[in-house]
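Student: Structure for the following, please:
(one chain, ligands or ions: 2)
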Amino acid sequence: MTNVHKIGFIGGGNMAEALIKGLIAGGFPVDRIMASEPSEYRRDHLSEEYGIELTADNVELLEKCEIVVLSIKPQIADEVLQEISSAYTNEKLLVSILAGVSCKQIEKHLVGKPRVVRVMPNTPALVSEGASAICRGHNSTKEDLDMVKQLFESVGKVQVIDERQMDAATGLSGSGPAYIYTVVEALADGGVREGLRRDVAHALAVQTVVGAALMVRETGEHPAILRDRVCSPGGTAITGVSTLEKKGLRTTLMEAVSAAANRSRELGE
Ligand SMILES: NC(=O)C1=CN([C@@H]2O[C@H](COP(=O)(O)OP(=O)(O)OC[C@H]3O[C@@H](n4cnc5c(N)ncnc54)[C@H](O)[C@@H]3O)[C@@H](O)[C@H]2O)C=CC1
Ligand SMILES: O=C(O)[C@@H]1CCC=N1
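Tutor: Ligands and ions are numbered 1, 2, ... in the order given. This next block holds a predicted model:
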């Protein structure tokens, strides 16, 4: 990242903050990160919490940064791209994290051969455990892709995919943390229903999800094999798993990914 002087975020909301915090934790210099944000409250928060440079002016940010991350809501993408279009030059690399919005939809607002890399990150980037899917736009180079890959690897794991798979990644990893938070909350509720204190149930639920995820990642075993090792014949775990199957957890999660992917497709229309 030594060849990039400054990275800027247009929109200093939840996802930008997760990336900013993760980048700083990964050693990216604070004085080479900036954000443009209309909300004074958010500007003060980001400035006080992380010490980065803030502005309310998107054009000023574009002029000062070599890599510009579009981290506004998809619904205002056209408006913001129009606003910055006159100041954009092809020396700038645009990184879009917008759900549903294609590279082409971004490129059409900008003159010349705009360099765009699209990324679908997720908020666990805040604790350096993000999952990001990335793809190249029509004019960005292999070096651009590699640079963005390196940037997002400093906040988690990265998969390079085709742009047509971006909605699927949005439904799975982009939106997935919301599903897992629901799972953690529900597991804790189950513990409370069975008589555990709320704080104890919460701590056990969190560590169970973290531990199980690490088991899958670090052993490299198929989840079904790991599950078999928990399920003693005639025991408790297979009884719980049987309930999950009867109530349709597996298809519910598959349908959640598809519903979110479809919503991502709608946002891009
Ligand atoms: N939150 C998440 O888990 C993820 C979000 N994304 C994408 O990240 C983008 C941002 O999402 P969030 O951070 O969740 O939204 P957010 O609402 O928290 O952040 C958007 C920010 O943009 C600011 N903003 C509004 N108008 C603006 C303008 N004209 N110029 C500059 N900034 C402006 C808002 O004040 C707000 O702080 C979206 O496109 C979303 O699809 C992608 C992956 C995961
Ligand atoms: O809900 C959303 O639209 C964003 C995109 C992926 C996660 N959050």
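
Student: give the contact list for the residue of the stretch 1-150 of the chain found nearest ligand 1.
Tutor: Proximity to ligand 1, evaluated over the stretch 1-150 of the chain using Cβ to the nearest ligand atom, is greatest for residue 13 at 1.7 Å. Heads up, the C-betas are built off the backbone N, CA and C, glycines and all. Residues counted as contacts of residue 13 (Cβ atoms under 8 Å, 6 or more residues apart in numbering) are 37, 42, 71-72.

Student: Likewise for residue 21?
Tutor: Residue 21 is in contact with 50, 125-126, counting by Cβ under 8 Å, 6+ apart.

Student: Validate this expectation: it resides in a helix.
Tutor: Yes - counting by DSSP: H, G, I helix; E, B strand; the rest coil, residue 21 is part of a helix.

Student: so what's it scoring on pLDDT?
Tutor: The predicted local distance difference test score for residue 21 is 93.

Student: try residue 116
Tutor: 97.

Student: If you tally nearby residues, what's the number for the closest residue to it other than its chain neighbours?
Tutor: Using Cβ to Cβ, 6 or more residues apart in numbering and skipping the chain neighbours, the partner closest in space to residue 116 is residue 137 (3.3 Å). Look at residue 137: counted by other Cβ atoms under 10 Å, it has 23 neighbours.

Student: now do the one 10 residues further on
Tutor: If you count neighbours by other Cβ under 10 Å, residue 147 ends up with 19.

Student: Test my guess that it contacts residue 95.
Tutor: No - between residue 147 and residue 95 there is no contact under Cβ atoms under 8 Å: 9.5 Å.

Student: okay, and the common contacts of these two?
Tutor: Taking Cβ under 8 Å, 6+ apart as the contact rule, the neighbours common to residue 147 and residue 95 are residue 67.

Student: got a pLDDT number for the residue of the stretch 1-150 of the chain closest to ligand 1?
Tutor: So residue 13 comes in at 97 (pLDDT).

Student: quick one, phi/psi of it?
Tutor: For residue 13, the backbone dihedrals are phi -90, psi -150 (criterion: degrees, to the nearest 10).

Student: Okay, strands next: where are they in the chain?
Tutor: 7-10, 33-36, 53-55, 67-70, 93-96, 115-120, 130-136, 156-160 (DSSP state E).

Student: For the third one, name the packing helices and strands.
Tutor: Packing contacts for strand 53-55, counted by 3 or more Cβ pairs under 8 Å, 6 or more residues apart in numbering; DSSP states H and E, involve strand 33-36, helix 40-50.

Student: near ligand 2, which residues of the chain show up?
Tutor: With the criterion set to Cβ under 6 Å from any ligand atom, the chain comes near ligand 2 through 99, 170, 174-175.

Student: dump the residue contacts of the residue lying closest to residue 109 once chain neighbours are set aside.
Tutor: On the basis of Cβ to Cβ, 6+ apart, the spatially nearest residue to residue 109 that is not a chain neighbour turns out to be residue 81, at 3.8 Å. Listed by Cβ under 8 Å, 6+ apart, the contact set of residue 81 reads 70, 106, 109-110.

Student: now residue 81: how far from ligand 2?
Tutor: The spacing between residue 81 and ligand 2, counted by Cβ to the nearest ligand atom, to the nearest Å, is 18 Å.

Student: again with residue 72
Tutor: Residue 72 is 12 Å from ligand 2, where distance means Cβ to the nearest ligand atom.

Student: Surely that residue touches residue 10?
Tutor: Yes - at 5.9 Å, residue 72 counts as touching residue 10 under the criterion of Cβ under 8 Å.

Student: Would you mind grabbing the residues shared as contacts by the two?
Tutor: residue 80.

Student: Residue 183 and residue 146: what is the separation?
Tutor: Distance check for residue 183 against residue 146: by Cβ to Cβ, to the nearest Å, it reads 35 Å.
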